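Trainee: The following comprises the amino acid sequence and a computationally predicted model.
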Amino acid sequence: MVLTRSYPLCCLLVVVLMVVVVQDGAAIIGAYRKSVGEEREEVTLQETKRLETEVEEEKEEKREEDEEKDRKEEYEEKKEKREEDEEKNRKEENENEMEKAMEGEKEEHEAEKDKNENDDEEEEKKEEKEKPKEKEGEKKGGDKEVKKEEKKKRKEKKGGDTQTQAKTVKVTVLVVCVTPGVLSGLLLLTPGVLWGLLLLMRGVLWGLLLLTWA
């Protein structure tokens, strides 16, 4: 009787215990799932943040690379433009210097040409001024030359006459001096050969001396 009466109570107790266990198990499982889900969510959030951070860093790096590239390109463009401008300025300066040099040479050439023309004009004027003087000088000089030639001819004539007279005197003296000796030698060849030879030699020597003097 006691067991019969307590059996339903036991069953009820067992059912209550089972319900409690199931509820506790469900609560534990729910709590576990919740914690796991939160952890997963947290991990997912962290991963998402990490990915976002990496993306931002990549974007930042790319932006920096683009900025660096732009700066380099801008620097290269400015450098090339500056070099082109400098080269252009140098060419313009060289062209200006060449033009100035050519203008200077042209001016010098024109100045030299003008100077030569002026010199030629002055020379022509001088020649025109000197022509009458030269004609007068030539006329006077011609008269002087004629007079000099006549004077020279007179001197030569006088000198020739003087030389002719001197030669005549010398020949006369030679003949006068040599003839007696020669004649004496010829006359004395017969009586005294030695004396005649001496006189002949004396006459010849005198003749040679006179010829040398002449």
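Mentor: It's in. Numbering: from 1, shown residues only.
Trainee: C-alpha only now, for contacts and for neighbours.
Mentor: Fine.
Trainee: got the domain boundaries for the protein?
Mentor: Following automatic domain parsing, one gets these domains for the chain: 66-129, 165-214.
Trainee: which stretch in these is the model least sure about?
Mentor: Least confident of the domains of the chain, judged by mean pLDDT, is domain 165-214 with a mean of 62.
Trainee: Now for Lys59, how many residues are close by?
Mentor: 12 (other CA atoms under 10 Å).
Trainee: and what of Glu103?
Mentor: 12.
Trainee: Mind telling me what element it is part of?
Mentor: For Glu103, the host element (DSSP states H and E) is helix 2-187.
Trainee: Can you give me the neighbour number for Ile28?
Mentor: 12.
Trainee: So it versus Glu67, what's the distance?
Mentor: 56 Å (CA to CA, to the nearest Å).
Trainee: same deal with Asn96?
Mentor: 42 Å.
Trainee: and what of Asp119?
Mentor: Asp119 is 75 Å from Glu67, by CA to CA.
Trainee: what's the answer for Glu84, then?
Mentor: From Glu84 across to Glu67, the span is 25 Å (CA to CA).
Trainee: go on, Glu110?
Mentor: Glu110 is 62 Å from Glu67, by CA to CA.
Trainee: Could you do Asn116 as well?
Mentor: Asn116 is 71 Å from Glu67, by CA to CA.
Trainee: now swap in Ala111 and tell me
Mentor: Taking CA to CA, one finds Ala111 at 64 Å from Glu67.
Trainee: Then Lys126?
Mentor: 85 Å.
Trainee: Restricting to C-alpha, output stretch 102-122 in PDB.
Mentor: The C-alpha coordinates for stretch 102-122 follow below in PDB (Å, rounded to 0.1, in the frame of the first residue of the first chain):
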ATOM      1  CA  MET A 102      78.300  89.800 -86.700                       C
ATOM      2  CA  GLU A 103      76.900  93.300 -86.200                       C
ATOM      3  CA  GLY A 104      80.300  94.400 -84.700                       C
ATOM      4  CA  GLU A 105      82.200  92.800 -87.600                       C
ATOM      5  CA  LYS A 106      79.800  94.500 -90.000                       C
ATOM      6  CA  GLU A 107      80.200  97.800 -88.300                       C
ATOM      7  CA  GLU A 108      84.000  97.400 -88.300                       C
ATOM      8  CA  HIS A 109      83.900  96.400 -92.000                       C
ATOM      9  CA  GLU A 110      81.700  99.500 -92.800                       C
ATOM     10  CA  ALA A 111      84.000 101.700 -90.700                       C
ATOM     11  CA  GLU A 112      87.100 100.300 -92.400                       C
ATOM     12  CA  LYS A 113      85.400 100.700 -95.800                       C
ATOM     13  CA  ASP A 114      84.400 104.300 -95.000                       C
ATOM     14  CA  LYS A 115      88.000 105.000 -93.700                       C
ATOM     15  CA  ASN A 116      89.400 103.500 -96.900                       C
ATOM     16  CA  GLU A 117      87.000 105.600 -99.000                       C
ATOM     17  CA  ASN A 118      88.000 108.700 -97.000                       C
ATOM     18  CA  ASP A 119      91.600 107.900 -97.400                       C
ATOM     19  CA  ASP A 120      91.200 107.400-101.100                       C
ATOM     20  CA  GLU A 121      89.300 110.700-101.400                       C
ATOM     21  CA  GLU A 122      92.000 112.500 -99.400                       C
END
